[in-house]
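>>> Model the structure of this input:
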Amino acid sequence: MLSTGSVTAGRPGLPPSLLFRSPPRRGAGRFLAPFDPDSAERRGARTRLRIGNFLTFSGSPGIWGPAATNSALLAVSEINRRGGILGREIELSFYDSGGAVEDVAARARDALDFDDIDVVMGSHISAVRLALRRLTRGRIPYVYPPVYEGGERTPGVMAIGETPHSQTRPAIHWLAENKGAKRWYLIGSDYVWPWQSHLQTKIYIGEAGGHVVGEEFVPVGHDDHEAHLARIRATRPDVVLISLIGTDSITFNRAFGESGLAATTLRLAGAVDETVLLGIGADNTENLYSASGYFNCIGSRANDEFMSLYTAMFGVDAPPVGSVGQSNYEGLRFLKAAAERAGSLSLHPLAAAGRNIVYSGARGEVAIRQGRAGMAMHLAAADGLDFRIIRTF
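Reported below is the predicted structural model:
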């Protein structure tokens, strides 16, 4: 977990009311305090809303940590200036969701049993989400804002990010119709988001008249891609669909560009945002496409306002904000809207309100219907270190 000093140092414009807590570890979760059924009533009576934000600061997804932190701080600053959520000022604590899932679960148990948090939130890999939802179920609300594989139905878990049907399907059809893409090679990190996303992706490829010529899953943290590139070269795909995360995606795409494959083979990615693109480098982004509900180049009033506030708060040299980082801003905006509709921050009324609601964030207006998020989806082409929107669906 980040200490107070490490979060607030060098953060111009943070209001004094934005607080961070750093309680001591208590046996890495080995001792579990019994769940107190009266704790929800005590939490509801507090004047501050304690949100435990599980962001990734280490490992392959850790590259998104700085922008995710900034996006959450920006949202909290805005919300607290306007009176908080249902009159309760947000008190935000950060926990590292990187590393072994069992270690993250131990930190989450500590947060639930000893830190007395009201809401769990954050962008982290789906393997962590599966562990955290077992701890939060029936206890406190859990808002999960980043792109994920879809299908989350756990009571109290509100997943509002892009899913393959809305994100990947239209991009596959566009590449088939406009680039003649028929032969697909799928490569992803070896965990639940790529596993489940690829199952759906194969259906969409078939719909578009294509077929899969190869598929593989790479251990998280693996950075030697020579064998993968050799298999890709041997199968001669039209498109490589990339479901690698964080620095794994960076090292793969660098190697892909340096191998010469980029000149003849298209790439489509679901988790390559501005942060990852910067790491890949301008020389290795030829024929690279990304599909997402958010790019920071989107020309809209909502995004212009968000980017202006982000730059004003963190400076022109702040970490570039992309889909994964920005989703933490969206998550807090969604929480405020759902709480105001429910008139409560209690688990069941809040979750019920969050299943059918329209809220606004940097992505513009997002409609949640029966727990599924609907938003404009964009296909963008990498142009050096920037993205250029090709089509909005």
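>>> give me every residue that touches Thr318.
No, residue 318 isn't Thr; it's Ala. Ala67, Asn70, Tyr310, Thr311 (Cβ atoms under 8 Å, 6 or more residues apart in numbering). Where C-beta positions appear, they are placed from N, C-alpha and C, glycine not excepted.
>>> contacting residues for the residue positioned nearest the centre of the chain?
Central residue check for the chain by Cα atoms, centre = their mean: the C-alpha nearest the mean position is that of Pro146, 2.6 Å away. By Cβ under 8 Å, 6+ apart, Pro146 lies in contact with Ser123, His124, Gly161, Ser323, Val324, Ser327.
>>> before we move on, the earlier item: most neighbours out of the contacts of Ala318, which is it?
Each of the contacts of Ala318 was scored by neighbours using other Cβ atoms under 10 Å; the highest score is Ala67's, at 29 neighbours.
>>> need the helices for the chain, in chain order.
Using DSSP state H, the helices of the chain run over 4-8, 39-44, 65-81, 101-113, 126-136, 164-179, 192-207, 226-235, 246-259, 274-280, 301-314, 323-342, 347-354.
>>> Mean pLDDT and distance to Met377 added to those helices, as JSON lines?
Shown next, in JSON lines, are the helices of the chain (pLDDT from 0 to 100; distance: least, Cβ to Cβ, whole Å):
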{"stretch": "helix 4-8", "mean pLDDT": "31", "distance to Met377": "33"}
{"stretch": "helix 39-44", "mean pLDDT": "54", "distance to Met377": "37"}
{"stretch": "helix 65-81", "mean pLDDT": "98", "distance to Met377": "20"}
{"stretch": "helix 101-113", "mean pLDDT": "96", "distance to Met377": "30"}
{"stretch": "helix 126-136", "mean pLDDT": "97", "distance to Met377": "20"}
{"stretch": "helix 164-179", "mean pLDDT": "98", "distance to Met377": "5"}
{"stretch": "helix 192-207", "mean pLDDT": "98", "distance to Met377": "13"}
{"stretch": "helix 226-235", "mean pLDDT": "98", "distance to Met377": "26"}
{"stretch": "helix 246-259", "mean pLDDT": "98", "distance to Met377": "20"}
{"stretch": "helix 274-280", "mean pLDDT": "97", "distance to Met377": "17"}
{"stretch": "helix 301-314", "mean pLDDT": "98", "distance to Met377": "14"}
{"stretch": "helix 323-342", "mean pLDDT": "98", "distance to Met377": "11"}
{"stretch": "helix 347-354", "mean pLDDT": "97", "distance to Met377": "21"}
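>>> deepest of those, which one?
Of all these, helix 323-342 has the most neighbours on average by mean count of other Cβ atoms under 10 Å, namely a mean of 26.
>>> Just list what that helix packs against, helices and strands only.
strand 48-55, helix 65-81, strand 119-121, strand 142-144, helix 347-354, strand 357-361, strand 364-369 (3 or more Cβ pairs under 8 Å, 6 or more residues apart in numbering; DSSP states H and E).
>>> Val366 pairs with what?
Going by DSSP bridges, Val366 is paired in beta bridges with Tyr359.
>>> Quickly note the distance from it to Phe295.
15 Å (Cβ to Cβ, to the nearest Å).
>>> between these two, which one's more packed in?
Taking other Cβ under 10 Å, Val366 and Phe295 do not tie; Phe295 has more neighbours (23 against 20).
>>> And the pLDDT for the more buried one?
Note on Phe295: pLDDT of 98.
>>> Give me the distance between the closest residue in space to it that isn't next to it in sequence and Phe54.
Excluding its sequence neighbours, the residue lying closest to Phe295 (Cβ to Cβ, 6 or more residues apart in numbering) is Phe387, at 5.0 Å. Using Cβ to Cβ, Phe387 is found at 27 Å from Phe54.
>>> now swap in Ala367 and tell me
Separation of Ala367 from Phe54 (Cβ to Cβ) stands at 26 Å.
>>> Ok, Asp283 next?
Using Cβ to Cβ, Asp283 is found at 35 Å from Phe54.
>>> can you check Tyr148 too?
If you go by Cβ to Cβ, the gap between Tyr148 and Phe54 works out to 14 Å.
>>> picking up where we left off before, out of the contacts of Pro146, who's nearest Arg82?
Ser327 (20.9 Å; Cβ to Cβ).
>>> circling back: closest to Arg333 out of the helices and strands packed on helix 323-342?
Between these, strand 357-361 lies closest to Arg333; by Cβ to Cβ that is 4.3 Å.
>>> Buried residues of that closest one, list them for me.
By neighbour count with 16 or more other Cβ atoms under 10 Å, strand 357-361 contains the buried residues Ile357, Tyr359, Gly361.
>>> and the angle from that strand to helix 301-314?
Calculated by axes from the mean of the first three to the mean of the last three Cα atoms, to 10 degrees, strand 357-361 forms an angle of 50 degrees with helix 301-314.
>>> who's in contact with strand 357-361?
In contact with strand 357-361 (Cβ under 8 Å, 6+ apart) are residues 302, 306, 329-330, 333-334, 336-338, 341, 365-368.
>>> Taking these together, which two end up most distant?
So, these by Cβ to Cβ: farthest apart are Phe306 and Arg341, at 22.1 Å.
>>> who touches the closest residue to Tyr185 other than its chain neighbours in this structure?
The shortest distance from Tyr185 to any non-neighbouring residue, by Cβ to Cβ, 6+ apart, is to Pro237 (3.9 Å). Applying Cβ under 8 Å, 6+ apart to Pro237 gives the contacts Arg183, Trp184, Tyr185, Val213, Gly214, Thr265.
>>> can we see that at 6 Å?
Contacts for Pro237 (Cβ atoms under 6 Å, 6 or more residues apart in numbering) come out as Arg183, Trp184, Tyr185, Val213.
>>> just His198 next, same as before
Here His198 is in contact with Leu186 (Cβ under 6 Å, 6+ apart).
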